[in-house]
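Colleague: build me a model:
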Amino acid sequence: MANKTQEDGGIHFPFPFTPYSIQKDFMAELYRVLDAGKIGIFESPTGTGKSLSLICGALSWLRDFEQKKHQEEARLLETGTVPLSDEKDQLPFLSSSCKETPDTLRPAGEPDWVTQFVQKKEERNLVDRLKEEQVRRKKREERLQQIRHNAQLKYAAKRMRREEEEMERLLHLSREMLAEGTGTEPLEQLVCGDEELVLAEYESDEEKGAALDEEEEEEDLEEEHVTKIYYCSRTHSQLAQFVHEVQRSPFGKDTRLVSLGSRQNLCINEDVKNLGSAQLINDRCMEMQRSKHGKKSRAEDEKPKRRRQEHRAACPFYSYEQLQLLRDEVLVGVKDIEQLVSLGKEARACPYYGSRFAIPAAQLVVLPYQMLLHGATRQAAGIRLQGQVVVIDEAHNLIDTITGIYSAEVTGSQFCQAHSQLLQYMERYGKRLKAKNLMYIKQLLYLLEQFVTVLGGNIKQNPNTQSLSQTGTELKTINDFLFQSQIDNINLFKVRRYCEKSMVSRKLFGFTERYGTVLASSREQSRLAGFQHFLQSLQPALTETPVPHGDEGEARVPRSASPLMHIEGFLAALTTANQDGRVILNRQGSLSQSSLKFLLLNPAVHFAQVVKECRAVVIAGGTMQPVSDFREQLLACAGVEAERVVEFSCGHVIPPDNILPLVICSGPSSQQLEFTYQKRELPQMMDETGRILYNLCNVVPGGLVCFFPSYEYQRQVHAHWDKSGLLARLAVRKKIFQEPKRANQVEQVLLEYSRCIKCCGHAGGVVTGALLLSVVGGKMSEGINFSDDLGRCVVMVGMPYPNIKSPELQEKMAYLDQTLPRIPGQPPPGKALVENLCMKAVNQSIGRAIRHQKDFASIVLLDHRYARPPILGKLPAWIRDRVEVKATFGPAFAAMRKFHRERPGPS
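Modeller: Predicted coordinates:
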């Protein structure tokens, strides 16, 4: 496919084919947003080539930015003069390191010669820094060019790896021989003077040099951060799809792209990877890095305790030479996560650290939401946002994502389990622990006891058998919760820091892993056996849960993280929030089912750092309406001025005649359609819904997808139709499928649904396709495409408002009413939130049908409330502009029949 270069306002946009006009508009607006340093909210429906528009628009801007920067640098180096400080701040082409200002402000009225001297010094410093930057850039380009065109380097590296492996193998054999020799026979007493003849411990010059230069070499791996674009999305599959789009784009060969992931996704050390839990993998990896860089204690240096040495062994995949090679290999060609892991295995170098070391020189960094949005994770990954561009794709649930990242929930069962483990640990090792360790462990035990007490339980009893006298949900501010729990006298910041630094949860996990084999007195053994029985009673799910399909091997040996790790997350949430957080006390029938949950009310607190540091931020998605949530809850609360926010929404690529959105206000028997909580369970309302679907099934070919507000309502309607005989009448025209509650059954249901539609299309019998009963916010309302015959009609039954009685929602509404300004003529912020949550869910569901340029579908909204102008205004523009409101069913049915008759039959 030949590349086409599109020009818009003098800007060249390379593109793999002739773009749609909406793609040209998208790229031009994106370029302007990045160039002006704005915050852009971009909406581009699925099927309109959003990913390619993002790639070609953003990388075209980066290409021009780098070119202008190099030209500016060349001019400054040639003239040797620098702009005045106020002009220097306006030059976007200078890196942050080149914009440094003097440490002290010069006093007003100082002599001219002092001012000139200081200015000359600044000029010289800036020119020197520019020269250094140029040298670094040239070295990097030469290095990457060598790797690109010189295969001998790769072969040399492989040969070096083989030599090292052989050396390790021989060394291992030698150690085994020594161990066997010393295991049974006592060492022969040396004759006087023979000591000089025995070979001393040998360490080669290379090993000595490696040990001495280790830290310096790792500093060499770090480079100056060039201006780059951080692209993030929700799932690894979405990120892999984006990387493949980059590979196919005109920028695929020349872009330095790095794919980032967690240790869980990137680790190639089988011993560490087999730990299973992300937290355990992280802890073990960091422990191995510490043992590599840290100095051995005198006790370790004396006589070999082989088990301890093996436990503290450094990771074999973390070596300077191999990481350097992997870093450069990553930058040479565009690779997704799977290709990065394969490359790491081949190079015997850690993909996690290799990709991290490649970040500074990368032009495009691809990473999951959590890695960018969580401050501590961002810092740990070496991500610096200062002056950079961030693109957040699939951002329709961005607010919920940030809220979820910074929220934490711990069950009563986990509190009791952690307390029991910690108590056993203290009893076992108490005499070996220092006073401060004992003090903090006692504080942790007290905290756990109080957390259980505030739920109404007893820490010393089995949580599964404890019934709570008081049930329900209670919300508290953080201060009120601390006072009610009687822990306001404990410094939670110090306890949290102790947990982080001492790695007590890691030690506790190791203890519980080994408690069965601990050498102890008979009294201790019986106590530990009781402890084992108690722990098993807290985890009935491990024996009762069926093995998930496809994961039999892993599920047989469940390895959950220490419960104390969850509690550390809860403590972290309590200590990082202020008035923006609440604690939810959720008391169920038993203590094990009850929980404490931290709820973040203001996600903007954490997003503020991103928008403050970044040059520009782009929030993009297929369905971004209603946009007011992003403007008010996220950007305005993060301190972003309204003038900095730019909105862009493009139409769809389908012809206007290929979509028929209808709002139907009443059914065939003139029953007004209003699916409120009070009316939707009425028999006449369920009957009317069935009659509408029966009529639609007679005119809609292929697949019809019907969304209900909840699983419970879907179950009620299905049971009612079955009893009334309507289900059997529907089954004459369409085979009926229901969305399963279990995620591992979704794929099977979709496969059968698809097969049925294909078979009916070719058979030409009475059954014309299939009817899929789904749930808004369920497994099929997001991320699944009902393109072509799979979704010729999408029906939305009622308006899926969230549960207004939920304490969490009520608290969030009250918080918004207090913090956001009331706009004249608009509903209060709290009420607007409820409407927006409803319409966001609707937009995600109805967007499942139209997936490409030649696709067509009808969209039916069953509820007269959809006809209200404020509600219609929250639909995506490409649907809103074509909506027809039908007060009665007759004209609506006529329009549906005409629409589908004029379209081609099942393909």
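Colleague: can you pull the pLDDT of L727?
Modeller: Looking at L727, its pLDDT stands at 91.
Colleague: nearest residue to T623 other than its sequence neighbours?
Modeller: For T623, ignoring the flanking residues on the chain, the nearest one in space by CB to CB, 6 or more residues apart in numbering is N843 at 4.4 Å. Where you see a C-beta, it was placed from the backbone N, CA and C, and this is true even at glycine.
Colleague: who touches the one you found in this structure?
Modeller: In this structure, N843 makes contact with H396, T623, Q625, K874, L875, P876, judged by CB atoms under 8 Å, 6 or more residues apart in numbering.
Colleague: secondary structure element for it?
Modeller: Here N843 sits within helix 829-846, counting by DSSP states H and E.
Colleague: and the angle for the helix or strand just after that helix with helix 829-846?
Modeller: Following the chain from helix 829-846 toward its C-terminal end, the next helix or strand by DSSP H and E is strand 857-862. On the basis of axes from the mean of the first three to the mean of the last three CA atoms, to 10 degrees, strand 857-862 is oriented at 140 degrees to helix 829-846.
Colleague: contacts for the very next helix or strand once past strand 857-862, please.
Modeller: Secondary structure here is assigned by DSSP H and E; on that basis, the next helix or strand after strand 857-862 toward the C-terminus is helix 869-872. By CB under 8 Å, 6+ apart, the list of residues contacting helix 869-872 from outside reads V663, M799, P827, E835, M839, R865, Y866, R880, V883.
Colleague: send the alpha carbons of helix 869-872 over as PDB?
Modeller: Taking Å, rounded to 0.1, in the frame of the first residue of the first chain, the C-alpha atoms of helix 869-872 are listed here in PDB:
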ATOM      1  CA  PRO A 869     -33.500  18.000  24.700                       C
ATOM      2  CA  PRO A 870     -30.900  17.800  27.600                       C
ATOM      3  CA  ILE A 871     -30.800  14.000  27.200                       C
ATOM      4  CA  LEU A 872     -30.600  14.100  23.400                       C
END
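Colleague: check which residues of it are buried.
Modeller: By neighbour count with 16 or more other CB atoms under 10 Å, helix 869-872 contains the buried residues I871, L872.
Colleague: chain center to that helix, what's the gap?
Modeller: Its chain's C-alpha centre lies 33 Å from the corresponding centre of helix 869-872 when counted by CA atoms, centre = their mean, to the nearest Å.
Colleague: cool, stretch 495-515 as well?
Modeller: Between the mean C-alpha location of stretch 495-515 and the chain-wide mean there is a distance of 26 Å, by CA atoms, centre = their mean.
Colleague: swap in stretch 64-74?
Modeller: The chain centre lies 34 Å from the centre of stretch 64-74; the measure is CA atoms, centre = their mean.
Colleague: in that stretch, what counts as buried?
Modeller: Buried residues in stretch 64-74, counted by 16+ other CB under 10 Å: F65, K69, E72, E73.
Colleague: among those, which are located in strands?
Modeller: With strands identified by DSSP state E, none of the entries of those belong to them.
Colleague: of these, closest to P16?
Modeller: Here the nearest of the buried residues of stretch 64-74 to P16, counting by CB to CB, is F65; it sits at 22.2 Å.
Colleague: any idea which helix or strand carries the closest residue to that closest one other than its chain neighbours?
Modeller: Computed as CB to CB, 6+ apart, the closest residue to F65 that is not its neighbour in sequence is T227, at 6.2 Å. Taking DSSP H and E as the definition, T227 sits outside all helices and strands.
Colleague: you'd agree T227 is up against D64?
Modeller: No. Proximity of T227 to D64 does not meet the contact threshold set by CB atoms under 8 Å, at 11.5 Å.
Colleague: put the alpha carbons of the helix or strand harbouring K24 into CSV.
Modeller: Secondary structure here is read from DSSP H and E; on that basis K24 sits in helix 21-36. This file holds the C-alpha atoms of helix 21-36, laid out as CSV (Å, rounded to 0.1, in the frame of the first residue of the first chain):
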residue,chain,number,x,y,z
SER,A,21,-11.8,14.2,5.3
ILE,A,22,-12.6,13.7,9.0
GLN,A,23,-9.2,12.2,9.5
LYS,A,24,-7.6,15.2,7.9
ASP,A,25,-9.5,17.5,10.3
PHE,A,26,-8.6,15.3,13.2
MET,A,27,-4.9,15.4,12.5
ALA,A,28,-4.9,19.2,11.8
GLU,A,29,-6.7,19.9,15.1
LEU,A,30,-4.4,17.5,17.0
TYR,A,31,-1.3,19.2,15.6
ARG,A,32,-2.6,22.6,16.7
VAL,A,33,-3.4,21.3,20.2
LEU,A,34,0.1,19.9,20.6
ASP,A,35,1.8,23.0,19.1
ALA,A,36,-0.1,25.4,21.4
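Colleague: paired strands for the helix or strand following that helix, with orientation please.
Modeller: Once helix 21-36 ends, the next helix or strand along the chain (criterion: DSSP H and E) is strand 39-43. Taking DSSP bridges as the criterion, strand 39-43 pairs within the sheet with strand 616-621 (parallel), strand 645-649 (parallel).
Colleague: just give me the closest of the contacts of N843 to K679.
Modeller: Among these, K874 lies closest to K679 (CB to CB), at 22.4 Å.
Colleague: so how far is G430 from that closest one?
Modeller: Shown here: K874 relative to G430, a distance of 61 Å by CB to CB, to the nearest Å.
Colleague: okay, the two: which has more neighbours?
Modeller: It is K874, of K874 and G430, that has more neighbours when counted by other CB atoms under 10 Å, with 20 against 11.
Colleague: surely the more buried one touches Q625?
Modeller: Yes. Shown here, K874 and Q625 form a contact pair, counting by CB under 8 Å, at 5.6 Å.
Colleague: give me the common contacts of the two.
Modeller: Here K874 and Q625 have M839, N843 as joint contacts, going by CB under 8 Å, 6+ apart.
Colleague: which parts of the stretch 1-150 of the chain are helices?
Modeller: In the stretch 1-150 of the chain, the segments counted as helices under DSSP state H, counting those that start in this stretch are 21-36, 50-79, 85-90, 112-149.
Colleague: if we can go back for a sec, now the residue nearest to T623: how far from T46?
Modeller: If you measure N843 against T46 using CB to CB, the figure is 12 Å.
Colleague: can you tell me how far the closest residue to E133 other than its chain neighbours sits from K131?
Modeller: Computed as CB to CB, 6+ apart, the closest residue to E133 that is not its neighbour in sequence is E224, at 6.1 Å. E224 sits 13 Å away from K131 when distances are taken as CB to CB.
Colleague: can you show me the strands along the stretch 401-550 of the chain?
Modeller: Remark: strands of the stretch 401-550 of the chain, listed N- to C-terminal, are 408-411, 472-477; assignment by DSSP state E, counting those that start in this stretch.
Colleague: correction: the stretch 651-800 of the chain
Modeller: Taking DSSP E, counting those that start in this stretch, the strands of the stretch 651-800 of the chain run over residues 659-664, 702-708, 734-738, 769-775, 793-797.
Colleague: of all those strands, which lies closest to T676?
Modeller: Ranked by CB to CB, the member of those that lies closest to T676 is strand 793-797, at 12.4 Å.
Colleague: the very next helix or strand once past the closest one - contacts with which helices or strands?
Modeller: Counting by DSSP H and E, the element after strand 793-797 in chain order, helix or strand, is helix 807-819. Contacts defined by 3 or more CB pairs under 8 Å, 6 or more residues apart in numbering; DSSP states H and E place helix 807-819 against strand 472-477, strand 581-587, helix 829-846.
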